[in-house]
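K.L.:
Predicted model and sequence follow; I will ask about them next.
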Amino acid sequence: MNYEQLNDLYKLPLFELIEKSRAVHKTNWPKDEVQLCTLLSIKTGGCSEDCSYCAQSARHSSGIEVERLMAKDAVMERALQARANGSTRFCMGAAWRGVRMGTQRFEQVLDIVTDVAKLGMEVCVTLGELGAEEAVALKKAGVTAYNHNVDTSPEHYPNIVTTHTFEDRLRTIRHAQDAGMSVCCGGILGLGETIEDRLKMLEVISNFNPQPESIPVNALMPMPGTPLAENPQVDPLDLVRMIAVTRIAVPKAKVRLSAGRTCLSEEAQALCFYAGANSIFYGDKLLTAKNPAVEKDRALLGKLGLATLAPQPEMEAPACDEEQALSPSCCGCD
């Protein structure tokens, strides 16, 4: 969808917008199931990038303790625990600029992925920038989806990150898609952006070819010591609007209610689910921020009568739309 179409949707009265998004959701996701995902930081802190929202940057005085890459046994223990708690996707994040073939740390990651992939869950990783060769290696090791958010609009991006470009992020997404992995790509609300920035970000994401398999919608959790530590919290109804517009723009994607859920009431979360969210990060912690406890999440899903989506570790990545191949999409077919 283009910006004008997205803007027309966003400006609708809230209930009218939700009616539209709910209809799209029921058409594409009729069973009212929610995917439970667990996110584990397998290498924390000390990142060379300067993302202004991130406590893991070595350039910020956030107080985050730098930790080396976790041992495989420790990762496997957490993956088994996640599976036992009902998670169907296990996501592993490392605070690096990127990975390169032939390095010890990348070989360690491939080894970890190979074993996690045997557990019957979907495997997602977020390792920073990715080249074509590295993407193929991750796919062969068993990665189901690669997470790489665009964060915000192309226009606002230089205000948030200066150590890499928006185009760098698009290049990584293209490499992941070319390797046959699904792409998990979303953004963050609350970075000092305008509504126009939010919708231009979604314009980019919705025009990926193929479209993302999942879209995390994050609300900034201001972290002490980062440049955005004093940013105000996102209005919950603004979050609902973005989820609704995202559901309409990318009907077949899982829309993931991600960072910021600790600031939402049960009623606000329920409205997000009704508007089109059908995936959450589940567990006690995200990369460096708190997350609602397992029991609390289970209780809320029970109150709402929402089932949990079964894992699909062998799922095929979304197919390229040949009719869209000549569109100005960053990730269009060759």
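P.N.:
Received it, and whenever you're ready, just let me know what you need.
K.L.:
what ranges do the helices span in the stretch 51-200 of the chain?
P.N.:
72-84, 104-116, 132-141, 157-160, 166-178, 195-206 (DSSP state H, counting those that start in this stretch).
K.L.:
Look up how far residue 277 lies from residue 239.
P.N.:
Applying C-beta to C-beta, to the nearest Å, the value for residue 239 to residue 277 is 9 Å. Yep, even glycine has a C-beta here, placed from its N, CA and C like the rest.
K.L.:
rewinding a little: output the helices of the stretch 51-200 of the chain as CSV; include the columns distance to residue 271 and mean pLDDT.
P.N.:
As requested, the helices of the stretch 51-200 of the chain are exported to CSV (distance: least, C-beta to C-beta, whole Å; pLDDT from 0 to 100):
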stretch, distance to residue 271, mean pLDDT
helix 72-84, 27, 93
helix 104-116, 34, 95
helix 132-141, 36, 97
helix 157-160, 28, 96
helix 166-178, 30, 96
helix 195-206, 18, 98
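K.L.:
still on that earlier bit, which residues are common contacts for residue 239 and residue 277?
P.N.:
By C-beta atoms under 8 Å, 6 or more residues apart in numbering, residue 239 and residue 277 have these common neighbours: residue 217.
K.L.:
three-state assignment of residue 247?
P.N.:
Here residue 247 is recorded as helix under DSSP: H, G, I helix; E, B strand; the rest coil.
K.L.:
Enumerate every residue touching the residue nearest to it when sequence neighbours are not counted.
P.N.:
What sits nearest to residue 247 in space, not counting adjacent residues and going by C-beta to C-beta, 6 or more residues apart in numbering, is residue 276, at 2.8 Å. Taking C-beta under 8 Å, 6+ apart, we find residue 276 in contact with 21, 22, 24, 25, 243, 244, 246, 247, 248, 255.
K.L.:
Now intersect these with the strands, please.
P.N.:
Here DSSP state E is the test, and the contacts of residue 276 give residue 255 as lying in strands.
K.L.:
For residue 319, which non-adjacent residue is spatially closest?
P.N.:
Using C-beta to C-beta, 6+ apart, the closest residue to residue 319 is residue 210 (5.8 Å).
K.L.:
which residue is nearest the middle of the chain?
P.N.:
Closest to where the C-alpha atoms of the chain average out (C-alpha atoms, centre = their mean) is residue 216, at 3.6 Å.
K.L.:
what's the average pLDDT for stretch 305-321?
P.N.:
Taken as a whole, stretch 305-321 has an average pLDDT of 80.
K.L.:
Per-residue pLDDT of the residue lying closest to residue 183 once chain neighbours are set aside, please?
P.N.:
Nearest in space to residue 183, with sequence neighbours left out and distances taken as C-beta to C-beta, 6+ apart, is residue 212 at 4.8 Å. Residue 212 carries a pLDDT value of 96.
K.L.:
of the contacts of residue 276, buried ones?
P.N.:
When the contacts of residue 276 are checked for burial by 16 or more other C-beta atoms under 10 Å, the buried set is 21, 22, 24, 25, 243, 244, 246, 247, 248, 255.
K.L.:
you'd agree the third one is up against residue 248?
P.N.:
Read it as residue 24. Yes. With contact defined as C-beta atoms under 8 Å, residue 24 and residue 248 form a contacting pair (5.1 Å).
K.L.:
could you pull out the strands for the stretch 151-300 of the chain?
P.N.:
With DSSP state E, counting those that start in this stretch applied, the stretch 151-300 of the chain shows strands at 182-184, 187-189, 214-219, 254-257, 279-281, listed in chain order.
K.L.:
beta partners for the residue nearest to the centre of the chain?
P.N.:
On the basis of DSSP bridges, residue 216 is bridged to residue 256.
K.L.:
quick one: contacts for it?
P.N.:
147, 149, 184, 185, 186, 187, 256, 258, 259.
K.L.:
likewise residue 75?
P.N.:
40, 42, 92, 112, 116.
K.L.:
do that again at 10 Å, thanks
P.N.:
40, 42, 69, 90, 92, 108, 109, 111, 112, 113, 115, 116 (C-beta atoms under 10 Å, 6 or more residues apart in numbering).
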